[in-house]
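Peer 1: heads up, no residue letters with this:
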């Protein structure tokens with residue numbers, strides 16, 4: 001039974017990705033969330049309307065031990081499940097000028113985006129290597145490519161994830177496992193809810209924010225068998241906004 005695991009998938013971009021992987025590729029979904037059980041349950045219902053199964057996995061990707069235990073327990077309880085797709089979407093922001101940045105604001109952002117990638121992907125990669133197939137997709141950010149004032153922590157985390165994507169792609173390509181990254185610009189979501197869209201869209205050639213569903217379509221493409229010769233890539237989805 002083939003599954004796709006999406007982290008941070010109860011809302012926003014993660015939710016859209018989970019629903020789209022079910023709808024377009026027919027994957028059963030492992031939906032990871034941290035704390036919002038109500039939102040995760042609502043998303044699970046939407047996914048199951050696509051005629052697939054959806055299992056909820058509650059853990060904080062930043063917690064190495066709890067992540068490992070949660071994944072191991074699921075594998076023991078569902079030995080028939082093959083996780084073919086991993087989408088590392090979980091991420092948080094703690095914006096502020098670097099000179100005033102508190103240690104917890106630095107570490108929490110790094111731990112979620114970067115260490116979360118390790119904590120989720122590393123325990124699952126061995127089975128992908130055995131089966132000689134897999135798709136690993138990391139959700140990064142425009143901030144990780146060009147940097148963004150007030151987001152030194154977030155830019156550092158996402159920039160490191162870009163480098164990790166390229167390195168891992170080289171390690172495991174011979175086993176037919178692809179590793180790619182998707183770098184959204186301004187996407188309508190909780191994370192951008194307080195942004196001044198009217199001002200910021202003037203910087204964007206397409207003159208609007210993106211939608212979560214548009215990111216989800218790109219992720220589904222990368223998760224499909226159509227992309228067997230694309231690996232180590234960072235694909236921007238930002239309306240033409242670069243620097």
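Peer 2: Ah, there it is. What you see is a predicted model; the values in this text were computed from it and never measured.
Peer 1: So residue 55 belongs to a strand, correct?
Peer 2: Yes: assessed with DSSP: H, G, I helix; E, B strand; the rest coil, residue 55 lies in a strand.
Peer 1: beta partners of it?
Peer 2: residue 30 (DSSP bridges).
Peer 1: what's the neighbour count on it?
Peer 2: Neighbourhood size, residue 55 [other CB atoms under 10 Å]: 17. For the C-beta atoms, the positions are set from N, CA and C on the backbone; glycine is no exception.
Peer 1: was I right about it contacting residue 27?
Peer 2: No: judged on CB atoms under 8 Å, residue 55 makes no contact with residue 27 at a distance of 11.9 Å.
Peer 1: quick one, what contacts residue 39?
Peer 2: Each residue near residue 39 by CB atoms under 8 Å, 6 or more residues apart in numbering is listed here: 10, 11, 15, 33.
Peer 1: Check for me that residue 35 belongs to a helix.
Peer 2: No: read with three-state DSSP, residue 35 is coil and lies in no helix.
Peer 1: Could you pull up the residues touching it?
Peer 2: Contacts of residue 35 (CB under 8 Å, 6+ apart): residue 58.
Peer 1: still on that earlier bit, could you list which of the contacts of residue 39 belong to helices?
Peer 2: Taking DSSP state H, the ones among those that sit in helices are residue 15.
Peer 1: Could I have the buried ones of the contacts of residue 39 as ChimeraX selection syntax?
Peer 2: Applying 16 or more other CB atoms under 10 Å to those, the buried members can be selected in ChimeraX as follows:
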select :10,11,15,33
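Peer 1: Please identify which two of the contacts of residue 39 are farthest apart in space.
Peer 2: Using CB to CB, the contacts of residue 39 span at most 9.6 Å, a distance reached by 15 and 33.
Peer 1: hey, what's in contact with both of these two?
Peer 2: By CB under 8 Å, 6+ apart, the residues touching both residue 15 and residue 33 are 9, 39.
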